[in-house]
Each structure stands twice: as structure tokens, then as C-alpha cells.
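Novice: Here is my input, please return the structure:
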Amino acid sequence: MSVGRGISITTRVTLFTGAVATLLTVLLALAIMTAIDHYVLENAKEEISAAGGRVAAEVEQGRVEYPLVGHPGRNVQVVDARGQVVASTPELQGKPPMAAFAPKGKHVTSSVVCGGDFPRRCEIVVAQRAQRGNEQWTVYASSPAIPVWVDPWVAGTVGTGAALTAIIITYLGLRTAKASLRPVTAIRAELDEINEDSAGRRVPVPPTTDEIHDLAESVNHTLARLHTALLQRQAALDRQRQIVADVSHDLRTPMTAMRAEVEDAMLAPLETNVTELCTVVLPRLNRLEAIARDLLTVAVLDSGMPGEEELVDLSELVDSELSARPPAKRVDSALEPGVHVLADRARLTRLVINLVDNAERYADTVIGVVVRREPDGPHADPPYGTAVLEVVDDGPGVDPDKRELVFQRFVRLDPARTAVAGGAGLGLAIARQIAEAEGGTLRIEDSSRGARLVLRLPLARGE
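Specialist: As a prediction, the model looks like this:
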């Protein structure tokens, strides 16, 4: 495994192609040589059979003419019915029959005989019958056996062709591997150039429909997601910086005012009225406490920590909060009883308080609070119906193009308000975050006058 890791894909593909090409060409060369050998052997047997057949025909006619064969290196023996050599070519004069086998019937029989009458070599021997009177004589004809390679020139030609074929196939495999991996090289080079400053760049996609094309597409999709995540992270960092700046400003303003009041009191302690000093300082302390509480709530919500779900009667909760801390403005409420939701009571209470505080801050004379349920049906979302809380004020309202802006953190559309009366710009942002954490929505919807904030939450099952 460690050896394979040190070899490039191109080299591995080339080695594999070369090995397979060599194996296949060797097998092909062996098949060709076997076919040539078989063809030459059959031709040789036919020639030997023809030479022996001519002698057998002469024997059957009662005569044998010399020379028995005219081909150099070919031998013939005529053996009578008693196994005695009657006639033979000069090389086999005085020698016993060249083979011990006899033809079967009228068929010609052949075999390769090594040694015996042919020392240090092998011969192809063909035996056939010759009818001499009432006797069956045998005519043996032979010729030197053909080697497997047939002829050095033929073997060299086939071997050279096989080697050239293997080399060409290996070279083509190398070219194909390089051409196939060229897009990968381009993708890698482009990836090496991509950094945080050029996150929008993409790798080249080859004009093919293969796996490398799919790889390039996947890489580009991944880069697009990373680019989006990078932009989101940058936006989050920008928001964090802005939040830090806004919080610093909101904290510094009341603290500076309190310091000034305390320093004045210390410079003239005899002229300082403690009650008046507390009256001035206490609202600013309340503001600091509210900012700290809001920041803690934002941190908890951002952590994704789930709330404790319980069955909450939304109408009862709203009525309880309006009774416990009645707003300075007149409140007209219409609370439908028995509107139950599954939610964290503490968070839902904070949401209601934030909505009422926001309406109180901007209302001229009256605040409207409505709790109702929207009927369920085939198009209801969720399927069990929806609990609706509407908080309406008769103030200046919110322009349609700024309705989403007010739900952003530290966004305040009333720069002229005082630091004591105004909020930190977190109330509506926290309210929407709580609504979404409980599976609902919080939006500003159309109203004849003022702002109309509408909270929608899933009704508890069975309601």
C-alpha cells in the first residue's frame, strides 16, 4: 500500500496498461505461432503422405522405382508383411523399420518419432497400406519435425510485431491517462490560487460528461457554499462589530450621565438633594439593567438552547401581564378564551411584554390587543390551526419598506427620542427570535393607522 501511494496515477495507469498489453500481445503471439505451426505441420503431413502414397502405388503395381523420393531430407521405407524392410532411401539402408506403428485399415497414420533410426532428431512419420498380392505391406515416409517457432524469421516477425503492439498500446495508455488527468491538474492549479480574497473564483469544468466533469461541478458547488458561508460570516462579524459599537454607545450614555451627576454631587455635597439625585440616576440604572437583560436574552437565544415546553393559555397570559403592569396608554383588548399553545412560558411572557412596550412607546392614546384562533382546515398551517396575537397602536406606524428593518438588532427608527424613553433596539428583534424558536412568526401587517404586529403560533394539538 505504501508503494502504491508513492506512484502517480499516470504512472500506475501506464504500468497497468503496459502489463495488460504485454500479456495480451504475448498470448496473441503464442496463438499466431500455434496456428502457423499447425498449418505448416498439416501441410508437411500432406506432402509426406503424397510422397509415401506414390511409393505405395508403385508397390501395389509390383515395382519400386528409385530414387524413392526426390526431396532432400525425406526418407521412405517399404516394409513387407513379415516386418522386413524391402526398400528404403539411402540414409536408412540396413536399418530396421523407422516406426513401430502401423496404419489402421486404409487410413493414413502419422506420428512424431524421435531417436531410433533418427539419432539426435525427431521426424514426422506417416504410415499407409499397400496391397501386394495377398499381403498387406506398409510404406513409411518421414521428414524432419517442424519446431514450434517454425522458422526463426517467422518467430522474429511475430515477436517484433507483438513487442511493437505492446509499446504502442502502452504509449496510447500514457497519452490517454495524461489527457484524462489534465482537467484535474487545471482544477488543482485553480484551487491553489483560491483564497479568502478570491473566494468567488471557480474551477474550470471540462466539456465532457465523465466523472471529472462531475467532480468539477461538485467542487464549484462546494466553493459556492463556502463563499456564501464566508459572506455570511463576514456579515455576522460586521453585525457583531456594529452590535459592540451600539452596546458601547448605549452603555456609555447613561453611565456618563450618572458619572456627571455623581461628580456634581461630590463637588457640592451640601447643595445636593439625595432624592433628586436618585430620581435622576435611577432611570438610567433601569436602562442599564434593561440593556443587560436584553443582551443576556439574546445570548441565550443565539445559543439555540431549547425552552421548556408547556401548555400555555395565550389569552390568560396576555391578560395577566396587562393586569400586572398596565401600560400608561389606554388598552382595548379582545381576548378569546381557551387559545392554548405549547411554548416556554417565560419566553412567551417576554415576547408579549416587548410587543406591549413597543406599542406603548409609539401609541398616541390607545393600544389594541387581540388574541384569537384562526380556524383549521385543509389549507391551515399548521394542520391544527393557529393562535394569533395582534398588538396595534395608533401611532405613526412603520413604512412598508422598513417593516423588516425594525426586527434587526439595535435598529431604531426614532433617532430623536431620549436615551431614557427609548429602547436599545433589541425588543422587537428578541420578540421575533422567540416567535421563531417556538415555531411561529412575527410580522408587521397592514393597518388603517399605526403599527400592527401579528404573532402566529401553532395551536396545541386537539385545540
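Novice: show me what contacts the residue nearest to Leu191 when sequence neighbours are not counted?
Specialist: Nearest non-adjacent residue to Leu191, counting by C-beta to C-beta, 6 or more residues apart in numbering: Val203, 6.3 Å away. C-beta coordinates here come from the backbone N, C-alpha and C atoms, glycine included. Val203 makes contact with 186-187, 190-191, 216, 219-220, 223, according to C-beta atoms under 8 Å, 6 or more residues apart in numbering.
Novice: now swap in Ala186 and tell me
Specialist: Ala186 makes contacts with 203-204, as judged by C-beta under 8 Å, 6+ apart.
Novice: Within the helices and strands, which one has it?
Specialist: Element membership of Ala186 [criterion: DSSP states H and E] is helix 152-193.
Novice: quick one: that helix to chain centroid distance?
Specialist: Per C-alpha atoms, centre = their mean, to the nearest Å, the displacement of helix 152-193 from the mean C-alpha position of its chain is 29 Å.
Novice: same question, stretch 261-280
Specialist: For stretch 261-280, the distance to the chain centre is 71 Å (C-alpha atoms, centre = their mean).
Novice: now the end-to-end length of it.
Specialist: Distance between the boundary residues of stretch 261-280 (C-alpha to C-alpha, to the nearest Å) amounts to 8 Å.
Novice: Now do Gln136 against Asp80, distance only.
Specialist: Gln136 sits 9 Å away from Asp80, going by C-beta to C-beta, to the nearest Å.
Novice: Now do the domain split for the protein, please.
Specialist: 10-153, 196-305, 310-458 (automatic domain parsing).
Novice: and Arg182, which of the ones you listed is closest to it?
Specialist: domain 196-305 (8.4 Å; C-beta to C-beta).
Novice: pLDDT (mean, whole number) over the closest one?
Specialist: Taken as a whole, domain 196-305 has a mean pLDDT of 78.
Novice: got it, and stretch 435-444?
Specialist: Per-residue scores along stretch 435-444 average to 90.
Novice: do stretch 45-57 as well
Specialist: Mean per-residue pLDDT for stretch 45-57: 87.
Novice: can the contacts of Val203 go into a markdown table with extra columns for distance to Asp446?
Specialist: Below are these laid out as a markdown table (distance: C-beta to C-beta, whole Å):
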| residue | distance to Asp446 |
| --- | --- |
| Ala186 | 55 |
| Ile187 | 52 |
| Glu190 | 50 |
| Leu191 | 51 |
| Ala216 | 49 |
| Val219 | 47 |
| Asn220 | 43 |
| Leu223 | 42 |
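Novice: re the thing from before, for Lys178, find the nearest of the domains of the chain.
Specialist: Distance to Lys178, taken as C-beta to C-beta, is lowest for domain 10-153 among these, at 5.9 Å.
Novice: Quote the end-to-end distance of that closest one.
Specialist: So domain 10-153: terminal residues 37 Å apart, C-alpha to C-alpha.
Novice: Show me where the stretch 1-150 of the chain has its helices.
Specialist: 2-5, 9-60 (DSSP state H, counting those that start in this stretch).
Novice: For the chain, just list every one of the strands.
Specialist: Here the chain has its strands, by DSSP state E, at 75-79, 85-88, 109-115, 118-132, 135-144, 310-313, 330-335, 340-343, 366-374, 386-393, 441-445, 452-458.
Novice: Burial check on Ile367, number of neighbours?
Specialist: 26 (other C-beta atoms under 10 Å).
Novice: thought it was touching Pro327?
Specialist: Yes. Contact status for Ile367 versus Pro327: in contact at 6.0 Å, counting by C-beta atoms under 8 Å.
Novice: one step back: what about the domains of the chain, which gets the closest to Ser180?
Specialist: Taking those one by one with C-beta to C-beta, domain 196-305 is closest: 7.2 Å.
Novice: Endpoint to endpoint, the closest one covers what distance?
Specialist: First-to-last residue span, domain 196-305, C-alpha to C-alpha: 32 Å.
Novice: Please apply the same query to stretch 204-214.
Specialist: Length of stretch 204-214, first residue to last, C-alpha to C-alpha: 11 Å.
Novice: That one: which residues count as buried?
Specialist: The neighbour-count check on stretch 204-214 (16 or more other C-beta atoms under 10 Å) flags 205-206, 212 as buried.
Novice: dump the residue contacts of Ala216.
Specialist: Remark: with contacts taken as C-beta under 8 Å, 6+ apart, Ala216 is in contact with 183, 187, 203-206.
Novice: at 6 Å instead, please
Specialist: 187, 203, 205 (C-beta atoms under 6 Å, 6 or more residues apart in numbering).
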